[in-house]
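> here is a sequence with its predicted model. Questions after.
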Amino acid sequence: MLNRRTFTVYSATAAVGAPALAQSDPLRIVVGFPAGGIVDIIARELGEAMKPHLGGRAVVVEAKPGAGGRIGVATVKTAAPDGNAVLLTPSSIMTLYPHVFNKLGYDTLKDLTPVSTVCMSANALAVGMHVPVKTLGEFIAWCKANPKEASYASPGAGSAPHFLGAQIASAAGIEMLHVPYKGAPDILNDLYGGRISSFVTALSNAVQPHMGGKMRVLVTTSPKRSSVLPDVQTAAEAGYPQLSGMEWFGLLAPAGTSPERVAVLNSAVSKAIASDRIKEAFGKLIMEPSSSSPTEFARMIKADIDRWGATAKRLNYQPVDA
């Protein structure tokens, strides 16, 4: 449960590295997306790296795809709070969805217990090669000079890229037409064909097209320049520090999971994240390994919920039925 007790009770136990609790059942890492996708890959790599630190417990990754990840959340929400089931999820499911959907079926702050972050992903703003700009500043000037052509694509209304694009436009004082799509292939076809001017996406989706000369990444939201795209400025370097921010992927347990069991899981994640295996695997995914205490993670979740809420209000976004 994410409450005052959550923010205080874990620290002493986690700090000393609680001994593994006697459990014979396997640890189930539930993901709300199909097997073979990036969340599933993160879960499998993490599970393998956690095994040595769980006292010999088996780790099983269980895909529960559907409803944009919400089925996975429901699976863990209703699981017994015994430390045998955790959810691995991107942050938008926990922090953006409460502002996007009515009758969501879960309350992030009441139904789940933060365990740890696992990795971070930067977002990026990219333009088609038909847009004659190389920096965010130049793109802003171009949008002001060509308002009818100023547009950005996202994988759907209410998605994190949709809201991030709105944040970019607001910070820059420009108008950009939001063009929602059903998936990346259609976005890329229109971006390459010159039918849209820009694309807000996870950095991992933009690296290869940028390096291949099919699009140009103007800026990333990471706190420092990406090692794979060292030529690209961060939002802060471009003069917009308010656009800095990473999407996290993290583990959450059912509400009511004991602090002792959360501490055991947190310790295993922390040790796994520090391993060479995880650094190599996540590096290939263009993800930054990152663990946190349950208290730190809880604060991060609350801050992100508030941040997206402010953006939804600014957009006058009307939640839709889940």
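Sure, I can see it.
> show me what the helix ranked longest in the chain is packed up against.
Criterion DSSP state H: the longest helix present in the chain is helix 294-315. Applying 3 or more C-beta pairs under 8 Å, 6 or more residues apart in numbering; DSSP states H and E, we find helix 294-315 packed against helix 4-15, helix 91-95, helix 97-100, helix 108-111, strand 112-128, helix 160-172, helix 259-273. C-beta coordinates here come from the backbone N, C-alpha and C atoms, glycine included.
> give me the element the residue nearest the centre of the chain is part of.
Central residue of the chain (C-alpha atoms, centre = their mean): residue 247, 3.2 Å from the mean position. Assigned by DSSP states H and E, residue 247 belongs to strand 246-254.
> give the buried residues for that strand.
Residues 246-254 are the ones in strand 246-254 that count as buried (16 or more other C-beta atoms under 10 Å).
> and which of those residues is nearest to residue 310?
Of all the buried residues of strand 246-254, residue 310 sits closest to residue 247, with 17.0 Å by C-beta to C-beta.
> and the gap between the closest one and residue 92?
Relative to residue 92, residue 247 is positioned 7 Å away (C-beta to C-beta, to the nearest Å).
> mutual contacts of those two, please.
Here residue 247 and residue 92 share the contacting residues residue 160, scored by C-beta atoms under 8 Å, 6 or more residues apart in numbering.
> could you verify my assumption that residue 234 touches residue 218?
No. Taking C-beta atoms under 8 Å as the definition, residue 234 is not a contact partner of residue 218, at 10.9 Å.
> more crowded one of those two?
residue 218 (25 against 20; other C-beta atoms under 10 Å).
> what about the strands in the stretch 101-250 of the chain?
101-102, 112-128, 151-154, 177-180, 198-202, 215-220, 233-234, 246-254 (DSSP state E, counting those that start in this stretch).
> would CSV of the ones you listed with mean pLDDT and distance to residue 307 be doable?
Formatted as CSV, those follow (pLDDT from 0 to 100; distance: least, C-beta to C-beta, whole Å):
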stretch, mean pLDDT, distance to residue 307
strand 101-102, 92, 17
strand 112-128, 97, 13
strand 151-154, 96, 17
strand 177-180, 96, 19
strand 198-202, 94, 16
strand 215-220, 97, 18
strand 233-234, 96, 18
strand 246-254, 97, 12
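> still on that earlier bit, which of the buried residues of strand 246-254 lies at the shortest distance from residue 136?
residue 246 (17.8 Å).
> not counting its neighbours along the chain, what's nearest that closest one?
Among residues not flanking residue 246 along the chain, residue 120 sits closest, at 4.0 Å (C-beta to C-beta, 6 or more residues apart in numbering).
> what residues are up against the one you found?
Residue 120 neighbours (C-beta under 8 Å, 6+ apart): 246-249, 287-288, 290.
> picking that back up, right, so of the strands of the stretch 101-250 of the chain, which gets closest to residue 309?
Ranking these by proximity to residue 309 (C-beta to C-beta) places strand 101-102 first, at 13.3 Å.
> distance from the chain centre to that closest one, please.
Centroid separation between strand 101-102 and its chain, computed with C-alpha atoms, centre = their mean, to the nearest Å, is 19 Å.
> residue 61 should be in a strand, yeah?
Yes. Under DSSP: H, G, I helix; E, B strand; the rest coil, residue 61 sits within a strand.
> partners of it in the sheet?
residue 29 (DSSP bridges).
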